[in-house]
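Engineer: Build me a model:
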Amino acid sequence: MSMDSQGKGNKKNLSIVASFRNALEGIKKAIQTERNLKIHLFFTGFIIIVGSFLSLTKLEWALLVFAIGGMLTAEMINSAIERVVDLVTEEYHPLAKQAKDMAAGAVFLFAVTSVLVGFIVLGPKLLMYIQP
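Structural biologist: Predicted coordinates:
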C-alpha cells in the first residue's frame, strides 16, 4: 500500500494539528522501539537531576538543553535513516552500509560533543562538591 493510499502522501493537505500529531507519533514510536534513545533519555533525566542541584545559570541550562535536544534529534534521525535504508534494500549493499555508518557516526560525534558540554558546564560545579 502506498503512502498516498493511506492518506499521508500529500503533506500539503495536512493541517498543522495533523502535522504535530504525526511528529508526536514519531517520537512515541522512537521511544518505544529504540534502545539507544532510551539510554539517552535515561542520561537526560540524570543530567536534569544533577543540574537542578547545582544552581546552573540560564546560559548553562541553555547549553545543556541544546546538547540534550541535539542528541535526541540526532538519534531519531539516525533511526529514521536506518529504517529508510532497510526499506529500500534487505540485501547487503556498500552504499547502504555507508549511509547507516555515517548516520551512526553523526550520532557518535554529537554524543562526544554533548559529553564535552556536560563536562564544561557541570564539571567545575561538581568539583566544588568533592574538593575539601
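
Engineer: Residue 90: what secondary structure?
Structural biologist: coil (DSSP: H, G, I helix; E, B strand; the rest coil).

Engineer: Helices of the chain, residue ranges please.
Structural biologist: 16-33, 35-53, 58-88, 94-130 (DSSP state H).

Engineer: I'd like those helices written out as a markdown table, with mean neighbour count and mean pLDDT added.
Structural biologist: For the C-beta atoms, the positions are set from N, CA and C on the backbone; glycine is no exception. Shown next, in a markdown table, are the helices of the chain (neighbours: other C-beta atoms under 10 Å; pLDDT from 0 to 100):
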| stretch | mean neighbour count | mean pLDDT |
| --- | --- | --- |
| helix 16-33 | 11 | 96 |
| helix 35-53 | 14 | 96 |
| helix 58-88 | 16 | 97 |
| helix 94-130 | 14 | 95 |
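
Engineer: For stretch 23-42, list the C-alpha coordinates in CSV.
Structural biologist: This file holds the C-alpha atoms of stretch 23-42, laid out as CSV (Å, rounded to 0.1, in the frame of the first residue of the first chain):
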residue,chain,number,x,y,z
ALA,A,23,5.6,14.2,14.8
LEU,A,24,4.4,13.1,18.3
GLU,A,25,3.6,9.7,16.9
GLY,A,26,7.2,9.5,15.6
ILE,A,27,8.7,10.5,18.9
LYS,A,28,6.5,7.9,20.7
LYS,A,29,7.5,5.2,18.3
ALA,A,30,11.1,6.0,18.6
ILE,A,31,10.9,5.9,22.4
GLN,A,32,9.1,2.6,22.3
THR,A,33,11.4,0.9,19.8
GLU,A,34,14.9,2.5,20.0
ARG,A,35,17.1,1.1,22.8
ASN,A,36,19.8,3.9,22.3
LEU,A,37,17.1,6.6,22.6
LYS,A,38,16.0,5.1,25.9
ILE,A,39,19.6,5.2,27.1
HIS,A,40,19.9,8.9,26.0
LEU,A,41,16.6,9.6,27.8
PHE,A,42,18.0,8.0,31.0
